[in-house]
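> task: produce atomic coordinates for the following.
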Amino acid sequence: MKTDEVKQYAIQKFPDLAVKGSPMNLGFVTKLRAYRQMQPDYFQNPQWPWTLAMEVAAELQIKPLP
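The predicted structure is shown next:
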């Protein structure tokens, strides 16, 4: 899958990702900014949006939709 497709999949499984100001959205954006500065290689994998969403979901104890 391409990165854009992975982003859409992540939003499908975690709809709150697309809700500005939601805990899921804020966590995603915060980690995204941190990784851009500290680990730019993180974004070499086109699956990064899903991986990042799963990291945030684990921290917030949120499960993806089936």
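> if I pick Lys63, what's in contact with it?
Counting by C-beta atoms under 8 Å, 6 or more residues apart in numbering, Lys63 touches Ala57. Where you see a C-beta, it was placed from the backbone N, CA and C, and this is true even at glycine.
> and Glu59, how many neighbours?
Using other C-beta atoms under 10 Å, Glu59 has 12 other residues around it.
> ignore what I typed, I meant Met38.
Neighbours around Met38, by other C-beta under 10 Å: 8.
> any idea how far it is from Lys31?
10 Å (C-beta to C-beta, to the nearest Å).
> quick check: phi and psi on Phe14?
Main-chain dihedrals, Phe14, degrees, to the nearest 10: phi -130, psi 80.
> burial measure for it, as a count.
If you count neighbours by other C-beta under 10 Å, Phe14 ends up with 24.
> quick one: contacts for it?
So Phe14 contacts Met24, Ala53, Ala57, Ile62, Pro64, Leu65 (C-beta under 8 Å, 6+ apart).
> of those residues, closest to Ala10?
If you rank the contacts of Phe14 by distance to Ala10 using C-beta to C-beta, Ala53 comes first, at 4.2 Å.
> could you find the closest non-adjacent residue to the residue nearest in space to the middle of the chain?
Nearest to the mean C-alpha position of the chain, by C-alpha atoms, centre = their mean, lies Ala53 at 2.8 Å. Among residues not flanking Ala53 along the chain, Ala10 sits closest, at 4.2 Å (C-beta to C-beta, 6 or more residues apart in numbering).
> right, and the one you found touches Trp50 too?
Yes: the pair Ala10 / Trp50 is scored as a contact, 5.1 Å apart, by C-beta atoms under 8 Å.
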